[in-house]
Every structure is written in structure tokens, then in C-alpha cells.
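Q: Curious how this folds, go ahead:
(chains A, B, C and D)
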2 protein chains.
Amino acid sequence: MMVKDSLVPTTKIRGRPRGFDAGDGQRIAQTAFAREGYDHVSVADLCAALNIKPPSFYAAYGSKRALFDKVLAAYSDRTAAAYEAACAAATTPLDLRQRVLRTAITFYTENDGVGCMVIANLLNSGDRDLHAHLRSIMQERQVIMSRHLARLGLSPEDVQTEMATISVAMMGLSAAARLGMEAATLLHAIERLQS
Amino acid sequence: MMVKDSLVPTTKIRGRPRGFDAGDGQRIAQTAFAREGYDHVSVADLCAALNIKPPSFYAAYGSKRALFDKVLAAYSDRTAAAYEAACAAATTPLDLRQRVLRTAITFYTENDGVGCMVIANLLNSGDRDLHAHLRSIMQERQVIMSRHLARLGLSPEDVQTEMATISVAMMGLSAAARLGMEAATLLHAIERLQS
DNA sequence: TCATTTTTGTAGTCACCGCTATAGAATTGA
DNA sequence: TCAATTCTATAGCGGTGACTACAAAAATGA
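A: From the prediction side, this is the model:
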């Protein structure tokens, strides 16, 4: 008598098996999207990189946008956790800013300097739906940081101003990183800026 | 006996007269390129805005890239003069930074906040030639500012760092302006950043 | 063996891109 | 009036974008 192995991940799946690893594909797409941005990565590019044809791509990921959203969600979760940790560790508003910007620099200079995936695509992409999605992600971040700033004693209007300050700094770091500025230089730059 | 009026601007020109004002077209193109960026403005868009057909566009401007270069040159000259004036008026390196950033903010918040035409397209465009052109413009600017910083007493390595600092700040201001941040908020942000 | 299921490659859809060949319309000079 | 010149609209070029209809291929279950 056989036991149903529905909980076992190695369940035999009917039909022709996929000829490539979807996880590998997502990783390749992640670097491509991070480097070039949503608009400048074509499905044809991704297919070439994955060595597959369009039908395989669409069967596995649904659409270019769906794949980007998956990659973006992973990035967003990863960075949100790091920023949350930075905020939680902060003891003063100024300390929060320093910790957040230092965290940002480490992310932005990954993979030879790709900047922030949210900021970069918010500035680059012509896709309106994507634009709205990215804006909402950014707003979520700001809400969280704002709460921490309030917790550290800033008045509502000071929270607004400090949030704008951090935003401008992060955008500058993202852009500079994308244009090739190295992590050490970015650190020196914002240290000097806050002289 | 007739006198040749080759020096008179109202010389009668043979052939069918142009049905639109090329100068108006350049102005319309300027706002379009500033708002949307080179890649996201199509020749069809420009033709629709100018109420002309593609052949008229190409007869008047040569190519999309040629028109952009014209618009860019005008922008570049205008801003270069302003930055030069800001640098010339500066009495200390810190004063130079303040003046340059304030000048930048006024440009970036023109036309409902379009940011810096050089920085924005450097980050957005996928065109490699354009990329190189914009980079060279940016480098020229930095060379000029660097000379002023040296004149004001900064050591070579401090010039480098200060230049990176100003660059990061300008990129942040450009991006934030493009995302809708107002001039007053931008001013408060960089003031606060330099606490 | 054979039906069922899923993936695969071929080949194409339609829309848009920058750009242009061609011929007609509108002007000037003779 | 008529040739020369210049701009105009029509229509279409070749290329690329995201995406897909279709049938063959490769696995499973019976």
C-alpha cells in the first residue's frame, strides 16, 4: 500500500520537464534589471541570457513585468529589512540618517554599482503602472522611517524635513553609484556634505 | 541698377516657405526632452506637438539626435554660465558649494521640476553615443569647478573629494526635483544635510 | 501502448521606433 | 508663363518591442 507523498517536494510532475532552472533565470534577470533598468532590458535579451525562447520565458514567468515585480519584491524585502534594522538601531535622528545612508551605500555599490532599484527605475521607466508601484514602495519606506524619526523625538514638521533630506541624499547616492562612484568615495562625499 | 542685399536678413528665399516656426519647434522639443528624457520622446510625439509630418521634421532638424543636441547645447551654455558665475562669486570652498547648489535648484525646479538635463539623460538614456556626449559635458563642468576650488585654496585631493560631494548633492537634487520635490523643500533639505 | 500533461521551437502577430523615397504644392527669378 | 527651388503629405522602409498560436517533443499515469 502506497502512501501519498503530496508533501514531498520531489513529487513526480507530469509533462515534459523544464529545460532550465527558473531560479537561475530570476537571478540573471535581477542583475540585468539592476544594471540596465526595466525599460532597457528586453525579453529577447533575457531569453538570450537564459538560452531559451520566448514561449519558455512566458510559460515560466508570465510576463516581463511579472518577472520584474518578483525581482523587485525580493530586492524590496531585502532592503526594507536592512533599513528597518538601521532605523531600529538609531539613537538620535542624526544617527538614523547616518545609519540609513551607510546602509544605502552598501546596497547601491553592489554588483559594480547599480544604485537603488526603486529610485533608478522611478527615474528611468516610462511605464506608468510601474511608476505607481515604485512610488508606493518608496512611500512605504518613508512612512516607516518617519515613524522612527518621530520615535526619536522629531516634531512632525521636522520629520518631514528630515525625510526630504534623507531622500535627497539617497537619490544622490543612487545616481552617483550608477555613474561609477565607488563606495569609499560616496562615504567621503556624504561625510563631507554633513560638515 | 540693383544692389545685392545678401547682408539683409529679409532676403527672399526661393521655394515653398516653411509652414511652421523652427524656433517654436525647438522650444517645444526642449520642454518635451526636459520632461520625458531623450529616449521617451519619439519623433512622432514631436511631430504631433508641432503639427507637422516626419519629412518636415527631418528637413528642419536633421534628426532626433541633432535636435536634442541643439537643445542640449542651449541648456548647457545657459547653465554653464550660471555655474561659472556662482563659482566666480564664491569666497571659500564651502561658499562655492552653497552657491552652486542654490543655482542648481533654480534650474532643476524650472518647468514644474525637470531636474538636470545632463544628469537625467545620463541616467536614463540607453544611447551610447549620447551617454558619452553627456559624460563629456559633465566632466567639463567638473574641471571648471575644480579649478575654482583649487583657486580657493583646496589641495588636489580635497578638490577631488569636494567635487564628489557637490556631484552627489547635485544628482540628489536633480532626482528629487524630477520626482516633484519643490524648490523650498530642496533648499531646506540641503541646508539640513549640511548641519 | 496510448492518452494526458507540460514544455519546447518555429514562426509569426501587431505596435511602435527612427527615418526616407516620391511626388505634389507653394514660392521666387527670369 | 515657366523653370528652379524648397517644403509638404502620403506611404512605407527595415528594425525592434512584448507577446502568442501551433504543433512537435518529452515526460507521466493507466
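
Q: And the residue nearest the centre of chain A, how close does it get to B:Tyr108?
A: The centroid of chain A falls nearest to A:Tyr75 when counting by C-alpha atoms, centre = their mean (3.5 Å). From A:Tyr75 across to B:Tyr108, the span is 27 Å (C-beta to C-beta, to the nearest Å). Where C-beta positions appear, they are placed from N, C-alpha and C, glycine not excepted.

Q: how far away is the closest residue to A:Leu193 other than its chain neighbours from A:Arg35?
A: Distance criterion C-beta to C-beta, 6 or more residues apart in numbering or on different chains; nearest residue to A:Leu193, sequence neighbours excluded, is B:Thr165 at 5.1 Å. Per C-beta to C-beta, B:Thr165 is found 26 Å from A:Arg35.

Q: And the two? Which one has more around it.
A: B:Thr165 (24 against 16; other C-beta atoms under 10 Å in any protein chain shown).

Q: List the buried residues of the helix or strand hosting A:Gln26.
A: Assigned by DSSP states H and E, A:Gln26 belongs to helix A:22-36. Neighbour-count burial for helix A:22-36 flags A:Gly25, A:Gln26, A:Ala29, A:Gln30, A:Thr31, A:Ala32, A:Phe33, A:Ala34, A:Arg35, A:Glu36 (criterion: 16 or more other C-beta atoms under 10 Å in any protein chain shown).

Q: near DNA strand D, which residues of chain A show up?
A: Contact residues, chain A versus DNA strand D (C-beta under 7 Å from any atom of the strand): A:12-17, A:41-45, A:53-55, A:57-58, A:63-65.

Q: From these, which land in helices?
A: Using DSSP state H, the subset of these located in helices is A:Val43, A:Ala44, A:Asp45, A:Pro54, A:Pro55, A:Phe57, A:Tyr58, A:Lys64, A:Arg65.

Q: Number of residues surrounding the fourth one?
A: Using other C-beta under 10 Å, A:Pro54 is surrounded by 11 other residues.

Q: and if you look at the second one?
A: Applying other C-beta under 10 Å, we find 11 residues neighbouring A:Ala44.

Q: DNA strand C versus that one, what's the distance?
A: Per C-beta to the nearest atom of the strand, to the nearest Å, A:Ala44 is found 9 Å from DNA strand C.

Q: Name the nearest residue to that residue, sequence neighbours excluded.
A: Counting by C-beta to C-beta, 6+ apart, the residue nearest A:Ala44 is A:Pro54, at 7.7 Å.

Q: Next up, the contacts around that neighbour.
A: A:Pro54 makes contacts with A:Val43, A:Ala44, A:Cys47, as judged by C-beta atoms under 8 Å, 6 or more residues apart in numbering or on different chains.

Q: Make a markdown table from those and add pLDDT to it.
A: Listed next are the contacts of A:Pro54 as a markdown table, based on pLDDT from 0 to 100:
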| residue | pLDDT |
| --- | --- |
| A:Val43 | 98 |
| A:Ala44 | 98 |
| A:Cys47 | 98 |
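
Q: just so I have it, where are all the helices in chain A?
A: A:22-36, A:43-50, A:54-61, A:64-89, A:93-108, A:117-124, A:128-151, A:156-178, A:183-193.
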